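J.: requesting a structural model of the entry that follows:
(one chain, ligands or ions: 1)
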Amino acid sequence: MVSDETPIHVKNLYEARSISEFKEDLDFLLENYKPISLLQLIEITQNRTKLSENYFHLTFDDGLKELATIVAPILKEKNIPATFFINTDFLDNKALFYRFKESVLVEKYEAKGLLDFDSEKENEIDELAVLLGEDFDEFLKQEQPYLNSEDVIELIKQGFTIGGHSKNHPRYENISLDEQIAQTIESVELLVEKFNLNYKVFAFPFTDDGVGREFFNKIAGKLDLTFGTAGLKKDVVKNNLQRIPMEENKKGIEIIKSQYLYYFFKMFVGKNTIRRNDK
Ligand SMILES: [Zn+2]
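T.: The predicted model follows:
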């Protein structure tokens, strides 16, 4: 989320990066790394190309409208490619992510304890909303927090790439293997068909923690790349790339420096590769 004013559906979860902070982060990245497109990243990963330079590829999760109104124009100006990962149930403002519902309720009713809710409690959030008289359909209509299909078409026209982020953003370690696969493949396929994409990529909602080898075996060959959020790390699954999360309330340069420090420190104890259980 990049905005000078954090909207209420995000405000109680994490703080948005201001526009000037975002631009500063981009300048730091451009000074030290070369931006590459998703298609270049897919090619480099699949061919195991030896890299002669330091590259970066930017990605943004959750498909919020600020991607079209704030982020994309800045990236265009600086000529930086990026990929946007979309939850297909939320595209076109059809539904609201349960964490965003929590943030809205906390903001409007000062119900701080709510943030302890987890994914299995989604029904309880909806019940509470009814009790409080909060109408999320109305909220979606009024605020239009997500991108709509026309926005996505426009972003693709501008050269940006898109991928699946599951249907409704569940925590994968809490759902069955069949449900993990359905959430993954169906969200990607829907986008590929709707927007005529010639690549298939997916970013795990929340984290890929607890996602076992069996999942990756079952989806093998169906997607070009998948993305986790474990930071600067390798993964035993070669086309599952880990990303550095930038939601922390620190400058980009500080986040990236501490990721390197942590990486070099763990190099000595051999803990830089994510291993996965069979199931
Ligand atoms: Zn997400």
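J.: how about the helix or strand hosting F22 as PDB, C-alpha atoms only?
T.: Using DSSP states H and E, F22 sits in helix 19-32. Extracted in PDB, the C-alpha atoms of helix 19-32 (Å, rounded to 0.1, in the frame of the first residue of the first chain):
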ATOM      1  CA  ILE A  19       4.600   8.600  -1.800                       C
ATOM      2  CA  SER A  20       7.900  10.300  -1.000                       C
ATOM      3  CA  GLU A  21       9.100   7.300   1.000                       C
ATOM      4  CA  PHE A  22       8.200   5.000  -1.900                       C
ATOM      5  CA  LYS A  23      10.100   7.200  -4.400                       C
ATOM      6  CA  GLU A  24      13.100   7.200  -2.100                       C
ATOM      7  CA  ASP A  25      13.000   3.400  -1.900                       C
ATOM      8  CA  LEU A  26      12.800   3.100  -5.700                       C
ATOM      9  CA  ASP A  27      15.800   5.400  -6.200                       C
ATOM     10  CA  PHE A  28      17.800   3.300  -3.800                       C
ATOM     11  CA  LEU A  29      16.900   0.200  -5.700                       C
ATOM     12  CA  LEU A  30      17.700   1.800  -9.100                       C
ATOM     13  CA  GLU A  31      21.100   2.900  -7.800                       C
ATOM     14  CA  ASN A  32      22.100  -0.600  -6.700                       C
END
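J.: residue contacts, R17?
T.: Residues in contact with R17 (C-beta atoms under 8 Å, 6 or more residues apart in numbering) are M1, V2, S3, D25, M246. Glycine gets a C-beta too; all of them are placed from N, C-alpha and C.
J.: any idea how far the fourth one lies from E53?
T.: Counting by C-beta to C-beta, to the nearest Å, the separation of D25 from E53 is 20 Å.
J.: can you give me the strands in this protein?
T.: Using DSSP state E, the strands of the chain run over 34-35, 55-56, 58-61, 82-86, 161-164, 201-203, 225-228, 234-235, 240-242, 273-274.
J.: how about these, which one is nearest I256?
T.: Minimum separation from I256 across these (C-beta to C-beta) falls at strand 55-56, 9.5 Å.
J.: name every strand pairing with the closest one and say which way it goes.
T.: According to DSSP bridges, strand 55-56 forms sheet pairs with strand 34-35 (parallel).
J.: show me the contacts for the residue lying closest to E154 once chain neighbours are set aside.
T.: Sequence neighbours aside, A68 is the residue nearest to E154 in space, at 6.9 Å (criterion: C-beta to C-beta, 6 or more residues apart in numbering). Going by C-beta under 8 Å, 6+ apart, A68 touches L147, D151, E154, L155.
J.: ok, the last one touching N148?
T.: No: using C-beta atoms under 8 Å, L155 makes no contact with N148, being 11.1 Å away.
J.: name the residue in these two with the higher neighbour count.
T.: L155 (20 against 16; other C-beta atoms under 10 Å).
J.: what sits against that one?
T.: By C-beta under 8 Å, 6+ apart, L155 lies in contact with L67, A68, A72, F84, L147, I162.
J.: distance of it relative to P205?
T.: L155 is 20 Å from P205, by C-beta to C-beta.
J.: ok, D25 and E53, which is more surrounded?
T.: Neighbours were counted for D25 and for E53 using other C-beta under 10 Å; D25 has more, 19 against 7.
J.: thanks a lot, see you next time.
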